[in-house]
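Asks: below are the sequence and a predicted model for it; my questions follow.
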Amino acid sequence: MKKIALIIAALVFLTGCSNGGASKAEESFIAGSGAVTKIKASDRIAAPEMSGMTLSGKNFTLPKGNVAVVNVWASWCSTCRAEEPTLSALSRKYSDVQFIGILTRDNPVNAEAFERKRGTPYPTLIDDSILIGFRKSLPANAIPTTVVIDRQGRVAARISGAVTVATLSQLIEEVSAE
């Protein structure tokens with residue numbers, strides 16, 4: 001009887017020490033549907049200031065006066081990984097638009113390796129506390145989330161989930177034409 005109790009105690013202890021290799025971030029992952037939300041120009045509020053250290057170890061500050069596309073992502077997120085080629089291609093196509101990533105719930109070393117391997121052409125900030133600044137406009141409610149910011153630095157639209165070439169191109173062109 002003592003042996004069985006010892007075995008049960010050991011099993012309880014060992015299972016309590018492991019989460020199967022998954023992080024808490026992955027367990028609380030919420031996938032977006034790709035839904036687009038737009039804000040009329042008269043109702044927009046300022047986006048938070050976006051500056052800090054990037055995955056490549058450089059300081060970056062989002063310049064003012066340009067349309068910007070902000071992508072919230074994580075390297076463990078399969079949807080984020082799948083949309084990266086689309087974001088990279090559009091960042092090259094719309095060279096007058098500033099693309100920027102914000103890493104969330106991830107290990108910067110893994111994310112930097114992912115970006116380096118893919119040759120992602122735009123910077124990613126590693127301080128996800130920036131996301132708090134979106135709470136009064138269009139918060140990042142899923143991973144990935146992509147936000148379009150107008151020339152006045154105001155939040156204009158959000159894609160909750162994976163971007164498509166057609167959807168993001170249309171948003172960029174609408175906001176750029178304002």
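Replies: That came through fine.
Asks: tell me how many other residues crowd Glu173.
Replies: Residues near Glu173, counting by other CB atoms under 10 Å, number 12. Using the backbone N, CA and C atoms, a C-beta is placed for each residue, glycine as well.
Asks: per-residue pLDDT, it?
Replies: We have a pLDDT of 96 for Glu173.
Asks: before we move on, what about Asp127?
Replies: Looking at Asp127, its pLDDT is 87.
Asks: state the distance from it to Ser137.
Replies: Taking CB to CB, to the nearest Å as the measure, Asp127 falls 19 Å from Ser137.
Asks: any idea how far the closest residue to Thr104 other than its chain neighbours lies from Val148?
Replies: Leaving aside its sequence neighbours, Thr104 sits nearest to Asp128 (CB to CB, 6 or more residues apart in numbering; 4.0 Å). Using CB to CB, Asp128 is found at 19 Å from Val148.
Asks: who's more crowded, those two?
Replies: A side-by-side neighbour count of Asp128 and Val148, using other CB under 10 Å, places Val148 first with 25 against 15.
Asks: surely that one touches Glu178?
Replies: No. Val148 lies out of contact with Glu178 (CB atoms under 8 Å); the separation is 10.9 Å.
Asks: tell me which element the residue nearest the centre of the chain falls in.
Replies: Centroid-nearest residue in the chain, with CA atoms, centre = their mean: Val72, separated by 1.1 Å. Assessed by DSSP states H and E, Val72 sits inside strand 68-73.
Asks: packing partners for that strand?
Replies: Under the contact criterion of 3 or more CB pairs under 8 Å, 6 or more residues apart in numbering; DSSP states H and E, strand 68-73 touches helix 78-93, strand 98-103, strand 145-149.
Asks: measure how the shortest one sits relative to strand 68-73, angle-wise.
Replies: Here strand 145-149 runs at an angle of 170 degrees relative to strand 68-73 (axes from the mean of the first three to the mean of the last three CA atoms, to 10 degrees).
Asks: I am finished for the moment; much appreciated.
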